[in-house]
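# let's see this in three dimensions:
(3 chains)
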Amino acid sequence: MCLAVPMQVIEINGSEDDFLSQPTALVESDGIKKEVRLDIVDRWPNLGDYVIIHAGFAIHTLDPQEAKTNLRLLQEMAAVTHGDGETA
Amino acid sequence: MKYLSEFRDSALTKPLVAELQRFPARPIRIMEICGTHTMAIFHHGLRSILPEGLQLISGPGCPVCVTAAGHIDAFVDIAQQDKVRVAIFGDLMRVPGSNGSLSQAAAHGAQVEMVYSPMDALELAEKHPGELIVFLSVGFETTTPGVAATILEANRRETSNFAVYSTHKVIPPPLELLLADPDLELNGLLCPGHVSTIIGAQAYQTVADKYQLPCVVAGFEPADILRALIMLLRQIHEERYEVENGYNRAVTWQGNQRACALVDKVFIPEDSPWRGMGILPGSGLAIRETYSQFDASKRLDITMQDIAEPKGCLCGEILCGKFAPPDCPLFAKACTPANPIGPCMVSSEGTCAAYFRYGEK
Amino acid sequence: MSEQYILLDHGSGGLASQQLISELFLKYLTSPLLASLEDSAVFTVSGNCLAMSTDSYVVDPLFFPGGDIGMLAVHGTINDLAMRGARPLYLSLAFILEEGLAINDLERVLQSIAKCSNEAGVPIVTGDTKVVPRGKADKIFINTSGIGLVPDERSISVSQARKGDKILLSGSMGDHGITIMTRRAGLSLEGELRSDTMALHGLVDHLCTTFPGAIHTLRDPTRGGVASTLCEIAEQAKAAITLDEESLPISASVRAGCEILGLDPLYLANEGKMLVICSPNQANDIVNAMQHHPQGHEAAIIGEIIDGPAGRVTLHTGLGGERLVTPLHGQPLPRIC
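Next up is the predicted model:
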């Protein structure tokens, strides 16, 4: 019910504490740029962070460590069938 | 795209498919709640490689599909008003009500604009000061916070020609209703990824405990869905029933509390009609009195009529997982994407449209 | 017709357009040349085999990254002629202009038309201009018609496609469609999206000359995209088609744009690409020749014609699964769900 894509923050306008500002970020992926709102993001992103975008709003800032773990768990699960990995 | 393509890579997915297919054949019914999962599952041809006996049942998680016919009629009524321009997500364009669709209303002069974000609708209000811009708002937990933030922004800007017609819904009430139905005989729940980004994986703990049902939150890339299915099958075979998070790069246990707080600030729960399920208490979200100047239902005095579902259409039952699209007498005969009768055939993520488009019989 | 009124969907190049043509137009217009529904009509006049085609161009905005309405008007009709193997000879050019249009904009469009026609070597030899009151048209509508000469030995049409033939695509999918869609106010994306508008007659001539008899069918997948065009080909050729998802050429930025807006690149319009259906034993040489030609350097073999129900197109996914590819119904819509 909800398409959302990860894009990288390359510019931030406004700040977390300033409620009167319009918090936005310019995000990018594969040469495509889009301005998105940061009103509802769970963790204020830093430049270079990836955020998940839904309908023009960042809804989540990816923790690179979590993303790495996510991929590792998948790789381990995939490796099971080759008999060279541990069960995830 | 980073964080997307890695999870599509066939070097990763092929062994996962093999792992999935190693599970012994036995009848297992898993419901994917979310329409975006339904779409992704069809799009990647996942159904054609499932192990024998594993059945995926589509749930009530397509917001367009569960929107009651009366709400669709209200959308069209609003669009046809003088000096009103409606802004919609593209998903709504072709959904038929009893008086036709927004696409047909546009052919008769209604001003209908597709937008990517509710914020784009607010921008339209600045561009067309002589008109009232009404954002016809559908969506679940993922979409609602952005709409709440847009209403707050309109309030901050004191935009006088912007309003929202809210048909927002929350997913736990229909889920409870479905799971209470013993005929559904579910063995596991594939839980929505981005809804869970907002409400957290914890949201499924109650149903997991109450119905002793394995629940796994899943992302939308092929590897994510495969992993979640494998996690579900493991739980089922080991007779566990836990909430597991298979999408930990985007979903936390607690969810996005900032977004939830914003929703709570702007919206108040109300009883809402669901196609095929009737009125579910507390399942909808209305705009709070404080922001009533942005509430199109008050501003335009719209009352939703109780419109009967199209005759013979089984969308309601299909949304509850009771029937599959080919069980419907209208499916692929009277009802096709070119001439949809029910919403499940028109929404791109609707179960019937997916069955039709991707050739499931 | 199930609809009582014309919807935008009827101009989408998908099922709604096909329905309009087959249920209304062909009811009254009965020439067998028209009924074949090829990109252009091919007929013989005094021993010469000619191709004739016409196309109208409406696009908002008039100017977009990678091109403008004038370029589309020249390239589109040239390509429709080339899809029958014709060497385009002459074009006509007709304008419907909206009162209040800036002369500057018209001049820019004309400069572009002149440049494209010169580069293609296809002169504009007749024309017409009408002006309608403000609001009765959107800035500029253009119609171009063209005629071309089909060299004797060439017989290129959908009816030539046969089982076992390979299907090639001359380059990446969806560039034009997503570029135009993201120029709309509510759907804007910034970045490296450019229309692919391009004349393809040079590439066609090169292939037909180098591989005589091996090219069976050519189609340019404009509105409706690669998916809808292949569905039409499968229907008309009374065969089935299978595609390989991983071989479909697509640029990273188009893919990203599609992910963001919830679009499927298989259904997006192209204005400088063609599908080539050819003998399987020469397919590798042909794709190689295309890749060495400036108009086809991203060419790929994407599928083949197989035995099966007429009109059935299936796609083998990266996952090892299979799904059906159906024609677009109406215009492609962005989605958030």
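
# the longest strand along chain A - contacts with which helices or strands?
Of all segments of type strand in chain A, defined using DSSP state E, the longest is strand A:5-13. With contacts taken as 3 or more Cβ pairs under 8 Å, 6 or more residues apart in numbering or on different chains; DSSP states H and E, strand A:5-13 sits against strand A:24-29, strand A:32-37, strand A:50-54, helix C:252-261. C-beta coordinates here come from the backbone N, C-alpha and C atoms, glycine included.

# parallel or antiparallel, list what pairs with the third one.
The one in question is strand A:50-54. Paired with strand A:50-54 in the same sheet, following DSSP bridges, are strand A:5-13 (antiparallel), strand A:57-61 (antiparallel).

# what do you get for the first one?
Sheet pairing of strand A:24-29 (DSSP bridges) gives strand A:5-13 (antiparallel), strand A:32-37 (antiparallel).

# hey, which of the ones you listed is tucked in deepest?
Stretch with highest mean neighbour count among the strands paired with strand A:24-29: strand A:32-37 (a mean of 22; mean count of other Cβ atoms under 10 Å in any protein chain shown).

# which residue is the nearest non-sequential neighbour of whatever residue of chain A ends up closest to chain B?
Closest residue of chain A to chain B, Cβ to the nearest Cβ: A:Gly56 (2.5 Å). Nearest residue to A:Gly56, sequence neighbours excluded (Cβ to Cβ, 6 or more residues apart in numbering or on different chains): B:Ser117, at 2.5 Å.

# tell me which residue lies nearest the centroid of chain C.
With distances taken as Cα atoms, centre = their mean, the residue of chain C nearest its centroid is C:Thr222 (2.9 Å).

# check chain A too.
Centroid-nearest residue in chain A: A:Val51, 2.7 Å away (criterion: Cα atoms, centre = their mean).

# report the separation between the spatially closest residue to that one that is not a sequence neighbour and chain C.
Leaving aside its sequence neighbours, A:Val51 sits nearest to A:Ala58 (Cβ to Cβ, 6+ apart; 3.9 Å). According to Cβ to the nearest Cβ, to the nearest Å, A:Ala58 stands 13 Å off from chain C.

# so A:Ala58 makes contact with A:Val41?
Yes. Using Cβ atoms under 8 Å, A:Ala58 is in contact with A:Val41, at 4.2 Å.

# which neighbours do those two share?
Common contacts of A:Ala58 and A:Val41 (Cβ atoms under 8 Å, 6 or more residues apart in numbering or on different chains): A:Val51.

# more neighbours, those two?
Using other Cβ atoms under 10 Å in any protein chain shown as the criterion, A:Ala58 and A:Val41 rank with A:Ala58 on top: 30 against 26.

# which residue, other than its chain neighbours, is closest to B:Glu176?
Excluding its sequence neighbours, the residue lying closest to B:Glu176 (Cβ to Cβ, 6+ apart) is B:Val207, at 7.0 Å.

# just the local confidence number for the one you found, please.
As predicted, B:Val207 sits at a pLDDT of 93.

# list the contacts of it.
B:Pro172, B:Leu175, B:Glu176, B:Leu179, B:Leu189, B:Leu213, B:Cys215.

# how close does it sit to chain A?
17 Å.

# again with B:Asp91
Counting by Cβ to the nearest Cβ, the gap from B:Asp91 to chain A is 10 Å.

# my read is that that residue contacts C:Ile336, right?
Yes. Between B:Asp91 and C:Ile336 there is a contact at 6.5 Å, judged by Cβ under 8 Å.

# mind checking which helix or strand the residue nearest to the centre of chain C is in?
Under the criterion DSSP states H and E, no helix or strand holds C:Thr222.

# on that earlier part again, residues in a beta bridge with the residue nearest to A:Val51, which ones?
Per DSSP bridges, the residues bridged to A:Ala58 are A:Ile53.

# so who does the residue in chain B that chain C sits nearest to touch?
Nearest residue of chain B to chain C, counting by Cβ to the nearest Cβ: B:Gly45, 2.5 Å away. Contact partners of B:Gly45, counting by Cβ under 8 Å, 6+ apart, are B:Tyr358, C:Leu315, C:His316, C:Thr317, C:Leu319, C:Gly320, C:Gly321, C:Glu322, C:Arg323.

# quick one: low-confidence parts of chain A?
Scanning chain A for pLDDT under 70 picks out A:1, A:18-20, A:81-88.

# ok so, going back, could you dump the helices and strands packed on strand A:5-13 to JSON lines with distance to B:Ile268?
Formatted as JSON lines, those follow (distance: least, Cβ to Cβ, whole Å):
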{"stretch": "strand A:24-29", "distance to B:Ile268": "28"}
{"stretch": "strand A:32-37", "distance to B:Ile268": "23"}
{"stretch": "strand A:50-54", "distance to B:Ile268": "23"}
{"stretch": "helix C:252-261", "distance to B:Ile268": "32"}
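
# closest to B:Ala338 out of those?
helix C:252-261 (22.8 Å; Cβ to Cβ).

# circling back: out of the contacts of B:Val207, the closest to chain A would be?
Using Cβ to the nearest Cβ, B:Leu175 comes nearest to chain A of the contacts of B:Val207, at 12.5 Å.

# give me the pLDDT value at the residue nearest to A:Gly56.
Note on B:Ser117: pLDDT of 96.

# and what of B:Glu349?
65.

# still on that earlier bit, of all the helices and strands packed on strand A:5-13, which lies closest to B:Lys265?
Per Cβ to Cβ, nearest to B:Lys265 of the helices and strands packed on strand A:5-13: strand A:32-37, 15.7 Å.

# pLDDT weak spots in chain C?
C:1.

# so in it, which strand runs the longest?
Counting by DSSP E, the longest strand found in chain C is strand C:87-98.

# who in the stretch 101-250 of chain C is up against chain A?
Neighbours of chain A within the stretch 101-250 of chain C, by Cβ under 8 Å from any Cβ of the partner chain: C:Leu189, C:Glu190, C:Gly191, C:Glu192, C:Leu193.

# by neighbours, which of these wins?
C:Leu193 (26 neighbours).

# could you look up the SS state of that one?
Going by DSSP: H, G, I helix; E, B strand; the rest coil, the secondary structure assigned to C:Leu193 is coil.

# where does it fall, phi/psi-wise?
Taking degrees, to the nearest 10, you get phi -90, psi 130 for the backbone angles of C:Leu193.

# distance of it from C:Ile250?
According to Cβ to Cβ, to the nearest Å, C:Leu193 and C:Ile250 sit 12 Å apart.

# mind listing the helices for the stretch 151-300 of chain B?
Secondary structure of the stretch 151-300 of chain B by DSSP state H, counting those that start in this stretch: the helices cover B:172-179, B:193-199, B:205-211, B:222-237, B:257-266, B:296-299.

# in the shortest one, which residues are buried?
In this case it means helix B:296-299. Residues B:Ala296, B:Ser297 are the ones in helix B:296-299 that count as buried (16 or more other Cβ atoms under 10 Å in any protein chain shown).

# returning to that earlier point: so which of the contacts of B:Gly45 is the closest to chain A?
Nearest to chain A among the contacts of B:Gly45, counting by Cβ to the nearest Cβ, is C:Leu319 at 12.7 Å.

# grab the nearest non-local neighbour of C:Ala137.
Residue nearest to C:Ala137 in three dimensions, not counting chain neighbours: C:Glu98, with 4.5 Å by Cβ to Cβ, 6+ apart.

# what bridges to the one you found?
Here C:Glu98 sits in beta bridges with C:Val132, as judged by DSSP bridges.
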